[in-house]
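In: Starting from these lines, generate the structure:
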Amino acid sequence: MRLIVCVKAVPDPGIPVGAGPGDPSWDPASWLWDLNPPDGAALTVAACLRGTEGTVTAVSVGPHAARALRRALAWGADRAVLLVDKGGLDLDIVTAARILSAAIGRLGFDAVLCGQAAVDSQGESLPAVLAGFLECPLISPVVEAWREADGLVARTRLPRGRRALLQPRLPAVLAVEGAPPQVDATLPVYLQALTAPLEAWDISTLEVGAVAPQVTHLGLGAPRPRPKKIFTPDSRLSAAERLRQLMTGGRVEKKTDLFTGTAAQAAEHLLGALRREGSIA
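Out: As a prediction, the model looks like this:
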């Protein structure tokens, strides 16, 4: 089975970025880039579908695509294809899907796998747009897939925890959710992936026409601060009590009663205090 896995490089989720403009770690040039975690899950599913005679080819486009492809090689991909954009443009989803579909069509495929979403933008549209360009059925979100006869079966997640088993007509596109397993590649495998050759394809040779982003990225801003919770007095209290709570910010002073005596005297004192409070009759 010829399997294509579309991968993307995203800022390493384990390293915090800056709090906002002015913070040195807010500059994208200082970020560390790694493989999108859902794409790692797609590689894991592809390894299960490959079998003994299948192949897994990782394909990526973008400024930091080489990092994602080398991680894919370390995690079991047989081949890595880097789609080179000499213009260095920040491609939108539709343009990226058009380029990827042209490369996938040239490679030949039985199934295309990709992460359901990208953690840097939370975009979930790429699998659907890619399936549209390839004119293939789409299954999303996939939590598990396996070979069966001459095809494959995918388990998908439904609302309220339900699961569905689907068998698509091949070729098909599978959008895989989740993260890769915790078991990582060994150091020798990583070192080999760092020096492994990447097949570089110039986008201009894919006959996709003029490549220009349809959406312009204007800037990056800090997240909006979360509003503080405003204290609201209990409506069952009197007006004076509600006003006192507003003036004190809802702080209630604890009343203490220190008592010394024998155990029997302490028990009698406690019962009397509960009766005065109306807790017991």
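
In: In this structure, what helix or strand scores lowest on average pLDDT?
Out: helix 239-248 (a mean of 80; mean pLDDT, DSSP states H and E).

In: could you point out which element follows that helix?
Out: Remark: after helix 239-248, the chain's next helix or strand is helix 263-277, criterion DSSP states H and E.

In: Can I get that following helix as CSV, trimmed to CA atoms?
Out: The C-alpha trace of helix 263-277 is given here as CSV (Å, rounded to 0.1, in the frame of the first residue of the first chain):
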residue,chain,number,x,y,z
ALA,A,263,-14.7,16.9,77.4
ALA,A,264,-18.2,16.8,78.7
GLN,A,265,-18.3,20.6,79.2
ALA,A,266,-17.0,21.1,75.7
ALA,A,267,-19.6,18.8,74.2
GLU,A,268,-22.4,20.7,76.0
HIS,A,269,-21.0,24.0,74.9
LEU,A,270,-20.8,22.8,71.3
LEU,A,271,-24.4,21.6,71.4
GLY,A,272,-25.5,25.0,72.8
ALA,A,273,-23.8,26.9,70.0
LEU,A,274,-25.4,24.7,67.4
ARG,A,275,-28.9,25.3,69.0
ARG,A,276,-28.3,29.1,69.0
GLU,A,277,-27.3,29.0,65.3
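
In: Give the rounded mean pLDDT of that helix.
Out: Model confidence over helix 263-277 averages 86 on the pLDDT scale.

In: now do stretch 164-173
Out: 92.

In: how about that stretch: buried residues?
Out: 168, 171-173 (16 or more other CB atoms under 10 Å). No exception for glycine: its C-beta is placed from N, CA and C like everyone else's.

In: how far does that stretch sit from the chain's center?
Out: Centroid displacement of stretch 164-173 relative to its chain, using CA atoms, centre = their mean, to the nearest Å, is 23 Å.

In: contacts for it?
Out: Applying CB atoms under 8 Å, 6 or more residues apart in numbering, the contact partners of stretch 164-173 are 109-114, 127, 130-131, 134, 136-139, 148, 151-156, 158, 174.

In: so where do the helices sit in the stretch 1-150 of the chain?
Out: All helices of the stretch 1-150 of the chain, identified by DSSP state H, counting those that start in this stretch, fall at 37-50, 65-74, 93-107, 126-134.

In: Name the surrounding residues that touch the second one.
Out: Around helix 65-74, the neighbours that count as contacts under CB under 8 Å, 6+ apart are 5, 7-9, 33-36, 39-40, 43, 58, 60, 77, 80-83, 185, 189-190, 192-194, 196, 198.

In: again with the last one
Out: Taking CB under 8 Å, 6+ apart as the criterion, the residues outside helix 126-134 that touch it are 6, 93-94, 96-98, 100-101, 104-105, 112, 114, 116, 118, 137-138, 140, 171-175.

In: ChimeraX command to pick out the buried ones of those?
Out: In ChimeraX, this line selects whichever of the contacts of helix 126-134 come out buried by 16+ other CB under 10 Å:
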select :6,93,94,96,97,98,100,101,104,112,114,116,118,138,140,171,172,173,174,175
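
In: Show me the longest strand that occurs in this structure.
Out: strand 138-148 (DSSP state E).

In: re earlier: quick one: buried ones out of the contacts of helix 65-74?
Out: Using 16+ other CB under 10 Å, the buried members of the contacts of helix 65-74 are 5, 7-9, 33-36, 39-40, 43, 58, 60, 77, 80-83, 193, 198.

In: Just want the most central residue of the chain.
Out: Here the mean C-alpha position of the chain is nearest to the C-alpha of residue 119 (CA atoms, centre = their mean), at a distance of 3.7 Å.

In: Let me see the contact set for that one.
Out: Neighbouring residues of residue 119 by CB under 8 Å, 6+ apart: 10, 13, 36-38.

In: Please tell me how far it sits from residue 36.
Out: For residue 119, the distance to residue 36 equals 6 Å [CB to CB, to the nearest Å].

In: Good, we can wrap up now.
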